[in-house]
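Visitor: Show me how the following folds:
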Amino acid sequence: MSSAGGELLRVSLPLPPSLNHAYVNIARGRKKSAAAVFFEIAARGLIGDAMALRPLASLANEPLVLRVEIEIDAIENKGWSSGKSKTRYKRLDVSNRIKLVEDVLCSMLGIDDSQFMSVTAVKRQGERDGCIITLSRMEGS
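Guide: Sure, this is the predicted structure:
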């Protein structure tokens, strides 16, 4: 399988809400939660700023690679070393945070998420809660 080619876009975003907290039920179905709307507004601004600095040619029908690096300030449960916590790592599911990132990125770039041939999610300790997204062309295509 081919890997990522040249980097097209790299931008730091706030931590997206999990899909469990991205939608709320209302009388007529579902709508985006306040947390999802906040993330979308912030992400659109940051992606727009990054695109202004490095304009992209049309990516329609291009095979793409997306990397989502989720950073949290404390990845390990505080009580782990003393035996007070059952699990070593905080319960933060990275895979259910990718969809909101994909949706905002696709709407900003005018592409479809079916163009992502590879999506990688990484969870790591960082200085702040947030995520870094990197978009690249699929190498060898």
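
Visitor: got the buried residues for the lengthiest helix in the chain?
Guide: As assigned by DSSP state H, the longest helix anywhere in the chain is helix 34-53. Of all the residues in helix 34-53, those buried under the rule 16 or more other CB atoms under 10 Å are 35, 36, 39, 40, 43, 46, 47, 50. For every residue, glycine as well, the C-beta is placed using N, CA and C.

Visitor: nearest to residue 88, of those?
Guide: Of all the buried residues of helix 34-53, residue 88 sits closest to residue 35, with 26.6 Å by CB to CB.

Visitor: Would you list the phi and psi of the closest residue in space to residue 63 that isn't next to it in sequence?
Guide: Spatial nearest neighbour of residue 63, excluding adjacent residues (CB to CB, 6 or more residues apart in numbering): residue 138 at 3.8 Å. Per-residue torsions, residue 138: phi -70, psi 120 (degrees, to the nearest 10).

Visitor: Burial check on residue 138, number of neighbours?
Guide: Close neighbours of residue 138, defined as other CB atoms under 10 Å, add up to 18.

Visitor: That one and residue 81: what is the separation?
Guide: Relative to residue 81, residue 138 is positioned 42 Å away (criterion: CB to CB, to the nearest Å).
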